[in-house]
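Enquirer: Generate coordinates for the sequence data below:
(chains A and B)
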Amino acid sequence: MNWQKVFRVAVYEFRTNVVRGGYLFATFGIPLLGLLVVMVLHALTSPSITKVETTKVSIGRIAVYDRSGILPRGAPLPRPFVAVSDFEKAKEETVKGKFRALVLTPEDYTKRREVTVYATKGIADLDSVVERLGYLLLYARLSPHYSAAEAQRLLQPLRMNLVLITKESEVSSGGRMFTGYVLSMIFFTAIFISAGYLLQSVAAEKESHLIEILLSSLNSMELLWGKVIGLAGLGLLQVVVWLASVWYLGKHVSIGVQDFEIPLKQLMHPDLQIIIAALVIMPLGYITYGLLLAGFGALGDNFRESQQFSAVVSFIAITPFMFNYFFFMHPDSWVVRAFCYFPLTAPVAVFLRLSVESVPWWDLGISLVALALGAAISLWIGVRLFRVGVLLSGKRPSVKEIWKILKNPA
Amino acid sequence: METIIKVSKLVKRYGDFTAVDRISFSVAKGEVFALLGPNGAGKTSTIRVLMGILLPDEGEVRLFGKEPHEVRNLVGYLPEARGLYRGARLLPLLTYLGTLKGMPEAKARASALAWLKRFGLEKWAKRKVRELSHGMQQKAQLAVALMHDPAILVLDEPFQGLDPVNVQIVKDLVREARESGKTVLLSSHQLVHVEALANSIALINRGKIVAYGTLEELKRRYSRGDVALKLENDVPLPEGLPITKAWREGENWHLLPKSGTSPKEILRLLVEAGAPVERYEVVYPSLEEIFLRAVEESGESQGR
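Expert: Residues are numbered from 1 along each chain as shown, chains lettered A, B, ... in the order given. Purely as a prediction, here's the structure:
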């Protein structure tokens, strides 16, 4: 492998694609739009906080079981919060509907700054609780137990786990939901935009017949890796810009827009499992999808044909989104696990699952190993299809012919 | 003379189909070698193996005594199926392609500019490829093949789709390359263009070489001794000449002597018969005729 030539291709692919209108919009335009939306929300919500408080009281009482001792003892809590001393009883009463939710501040809250909210319903209630928790914290901050600075530091629940409880069972979920969901969208979008450019690049070379000139200068592997690396840079830049935007929003928006405050802060301090998953899934997911798209894309005679070949891969990849119900309500079910262990759906499925709950490390390990195996298989398939596909012209290979290529690509 | 390109018993198969069937040839330094044959004869497959794009199934290909992929930077290539990124700007694209041939970026840019200037395209250097006419794009692709000053120039069907002006440009470039000591291998099914350029020729049909040698050798080998002559005052052709066929081509007669009869013998008999010969010449076969005869001789024409 001539790495100098690989580098040349990578630089050319990066330079060419980074100035595309579509890429610029996706990378910089979307965060700007996000900022715009937040500003509008800020403008709409700030003046009516008091009104919101009075109208939302009707959702019911929220029990607080404080193991951490951060809330003042003995004094009644502001509405809608009610201090409780028996956790199990409070949970039962929450199931029965006496409380809308039960908030548990654990003993190590000061270290982990994580609370758990038990509720009988999902996201909608979480939003309400999050909002009210803000008032509770405001109350605690005003209490004489703490200095203003200390209260400020202690009373920011950066992570919030949601546990959905029913009479039969409880399903752990989380305030991490926002973090996991946003990250899954960011990584998935970046991976697919980069992989899509890889497909376009291969298709353009075939369509324009430039491929033969390129292959007279470097071999197909050098060409393919140059593209993969160059366009990975594109994806990485996009992720960095988006994460930086989210970080900026989280830092500056928390002052005014109450509904975004806690979720955005959670996003700035993601769970360790989410961080590890992101570090592994981003490159492996890109290799898995990118090389398959490049390989199948090379079989087409033009971009449209290449897209048809790759549509199957893309469709499989987004399938987990269609099974949101299982991810949010039954995150440990075999359906969810199957998606997490299958390499083509794992990148999306793992993030969706992590957005709902912490999973056992061995479970996460299986998903990541499966994804690594999938990336290796994609590499094998993609490279073989690309090597032969780029020189095919005038006819679309049949499934039988594709199988032959895979067996003997020389 | 130093051998630059050597192909020995090359075989290339696609599944059950044998595209190139044990062909061998060599090209010396400074030579223009033409690989001629109809579409589908195996020329492009041979060239793709030469360029290291395809691997041979059997046999050996050596450029400068090395594997093709080891000397990629010494070869300039104009493929049969050609094109450039339509959305790319001309100069950056050519510079990029030059760097892939091992040139430093600044040198590649300077060379690309020089070739664009030579082809009258310097004003289009910053334009997108899609804005260029077909002829301009053809010239730009020639620039890609030449800009790194390769020692070997491989041109696959270089005249295909060209107007007469661009055909002449390609011919001039080939002559220039030959004069500067470069080795040129070109393939074509348009035999008429090649005749004036090639030193040696391999005629290929159905993956096999059916004739191989210098142009002179081939002309002599496949000559039937045809003669063309003109008689003064349109006098009729004397009777009793040892010919199998005679026909008029305008004012001229075209004679096909019987086997074993030389053109000199025909001339002697004409003079003896008192025919007023105004012009007399031996007609050598064109490349097209050589090709047809070679195919016929090799028995490959059956079933075509």
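Enquirer: CA atoms for contacts and neighbours, from now on please.
Expert: Fine.
Enquirer: low pLDDT regions in the stretch 1-150 of chain A?
Expert: A:41-59, A:74-75, A:113, A:120-150 (pLDDT under 70).
Enquirer: what's near enough to touch the residue of it found nearest chain B?
Expert: Nearest to chain B in the stretch 1-150 of chain A, going by Cα to the nearest Cα, is residue A:5, at a distance of 5.9 Å. Contact partners of residue A:5, counting by Cα atoms under 8 Å, 6 or more residues apart in numbering or on different chains, are A:218, A:222, A:226, B:99, B:100, B:102.
Enquirer: Which strand or helix spans it?
Expert: helix A:3-18 (DSSP states H and E).
Enquirer: ditto for residue B:253
Expert: Assigned by DSSP H and E, residue B:253 falls within strand B:252-257.
Enquirer: Contacts for that strand next, please.
Expert: With Cα under 8 Å, 6+ apart, strand B:252-257 has contacts from B:224-231, B:242-248, B:263, B:266.
Enquirer: Could you list the buried residues of the helix or strand following it?
Expert: Using DSSP H and E, the helix or strand that directly follows strand B:252-257 along the chain is helix B:263-272. For helix B:263-272, the buried set under the neighbour-count rule, 16 or more other Cα atoms under 10 Å in any protein chain shown, comprises B:263, B:266, B:267, B:270.
Enquirer: Now do the contacts for residue 280.
Expert: All of this is about chain A. Shown in contact with residue A:280 (Cα under 8 Å, 6+ apart): residue A:368.
Enquirer: could you do chain B instead?
Expert: Contact analysis of residue B:280 by Cα under 8 Å, 6+ apart lists B:227, B:228, B:229, B:230, B:267.
Enquirer: In strands, which of these fall?
Expert: The strands in this structure, assigned by DSSP state E, contain B:227, B:228, B:229, B:230 from the contacts of residue B:280.
Enquirer: Residue A:6 reaches residue A:222, doesn't it?
Expert: Yes. Between residue A:6 and residue A:222 there is a contact under Cα atoms under 8 Å: 5.2 Å.
Enquirer: shouldn't residue A:82 be in contact with residue A:66?
Expert: No. With contact defined as Cα under 8 Å, residue A:82 does not reach residue A:66; the gap is 10.6 Å.
Enquirer: Which one's more surrounded, these two?
Expert: Shown here are residue A:82 and residue A:66; by other Cα atoms under 10 Å in any protein chain shown, residue A:66 has more neighbours (21 against 17).
Enquirer: How about the residue in the stretch 201-304 of chain B that chain A sits nearest to, nearest residue that isn't a chain neighbour?
Expert: With Cα to the nearest Cα as the measure, residue B:207 is the residue of the stretch 201-304 of chain B nearest to chain A, at 18.8 Å. Distance criterion Cα to Cα, 6 or more residues apart in numbering or on different chains; nearest residue to residue B:207, sequence neighbours excluded, is residue B:20 at 4.0 Å.
Enquirer: Ok, residue B:286 next?
Expert: Counting by Cα to Cα, 6+ apart, the residue nearest residue B:286 is residue B:219, at 7.6 Å.
Enquirer: can you tell me the helix or strand for that neighbour?
Expert: Element membership for residue B:219 (DSSP H and E) is helix B:215-221.
Enquirer: Likewise for residue B:26?
Expert: Per DSSP H and E, residue B:26 falls inside strand B:17-28.
Enquirer: still on that earlier bit, now, which of the ones in strands among the contacts of residue B:280 sits nearest residue B:89?
Expert: Nearest to residue B:89 among those, counting by Cα to Cα, is residue B:228 at 55.1 Å.
Enquirer: list the contacts for the closest one?
Expert: Taking Cα under 8 Å, 6+ apart as the test, what residue B:228 contacts is B:252, B:253, B:254, B:255, B:279, B:280, B:281, B:282, B:283.
Enquirer: among those residues, which ones are buried?
Expert: B:253, B:254, B:255, B:282, B:283.
Enquirer: unless I'm mixing things up, the fourth one is touching residue B:223, no?
Expert: No. With contacts defined as Cα under 8 Å, residue B:282 does not count as touching residue B:223, sitting 9.3 Å away.
Enquirer: Neighbours of residue 287, how many?
Expert: Going with chain A. 25.
Enquirer: Please refer instead to chain B.
Expert: Residue B:287, neighbours per other Cα under 10 Å, totals 22.
Enquirer: Excluding sequence neighbours, find me the nearest residue to it.
Expert: Among residues not flanking residue B:287 along the chain, residue B:191 sits closest, at 6.1 Å (Cα to Cα, 6+ apart).
Enquirer: ok, that neighbour to residue B:160 distance?
Expert: Distance, residue B:191 to residue B:160, using Cα to Cα, to the nearest Å: 12 Å.
Enquirer: Between those two, which has more neighbouring residues?
Expert: Set residue B:191 next to residue B:160 and count neighbours by other Cα under 10 Å: residue B:191 wins out with 19 against 13.
Enquirer: Which element, helix or strand, includes residue 184?
Expert: Here I'm looking at chain A. Per DSSP H and E, residue A:184 falls inside helix A:176-208.
Enquirer: wrong one, I was asking about chain B
Expert: Here residue B:184 sits within strand B:183-188, counting by DSSP H and E.
Enquirer: Pull the residues that contact that strand.
Expert: Strand B:183-188 has contacts (Cα under 8 Å, 6+ apart) with B:4, B:27-37, B:43-44, B:151-159, B:174, B:177-178, B:194.
Enquirer: Show me those that map onto strands.
Expert: Short answer: these in strands (DSSP E) are B:4, B:27-28, B:32-36, B:152-156.
Enquirer: List the residues that contact the closest residue to chain A within the stretch 101-250 of chain B.
Expert: In the stretch 101-250 of chain B, the residue found nearest to chain A is residue B:101; the distance is 5.7 Å by Cα to the nearest Cα. Residue B:101 makes contacts with A:217, B:72, B:73, B:148, as judged by Cα under 8 Å, 6+ apart.
Enquirer: correct me, but residue B:197 touches residue B:171?
Expert: Yes. Using Cα under 8 Å, residue B:197 makes contact with residue B:171 at a distance of 7.3 Å.
Enquirer: Neighbour count: those two, which is higher?
Expert: Each of residue B:197 and residue B:171 has its neighbours counted (other Cα under 10 Å); residue B:197 has more, 20 against 17.
Enquirer: so that one, which of the three states?
Expert: Using DSSP: H, G, I helix; E, B strand; the rest coil, the structure places residue B:197 in coil.
Enquirer: Can you read off the pLDDT for it?
Expert: Residue B:197 carries a pLDDT value of 87.
Enquirer: same thing with residue B:70?
Expert: For residue B:70, pLDDT reads 89.
Enquirer: related to what we said a few turns ago, adding distance to residue B:186 and pLDDT as columns, could you present the buried ones among the contacts of residue B:228 in a markdown table?
Expert: Listed next are the buried ones among the contacts of residue B:228 as a markdown table, based on distance: Cα to Cα, whole Å; pLDDT from 0 to 100:
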| residue | distance to residue B:186 | pLDDT |
| --- | --- | --- |
| B:253 | 36 | 90 |
| B:254 | 33 | 90 |
| B:255 | 34 | 90 |
| B:282 | 29 | 88 |
| B:283 | 26 | 87 |
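Enquirer: and chain A, which residues reach chain B?
Expert: Chain A comes close to chain B at residues A:5, A:8-9, A:12, A:204-205, A:208-210, A:212-219, A:410, as judged by Cα under 8 Å from any Cα of the partner chain.
Enquirer: at 10 Å what do you get?
Expert: Residues of chain A lying close to chain B (Cα under 10 Å from any Cα of the partner chain) are A:4-9, A:11-12, A:16, A:201, A:204-220, A:387-388, A:391, A:393, A:401, A:404-405, A:408, A:410.
Enquirer: Residue A:327: what's it in contact with?
Expert: Going by Cα atoms under 10 Å, 6 or more residues apart in numbering or on different chains, residue A:327 touches A:173, A:320-321, A:333, A:335-337, A:339, A:349-350, A:352-357.
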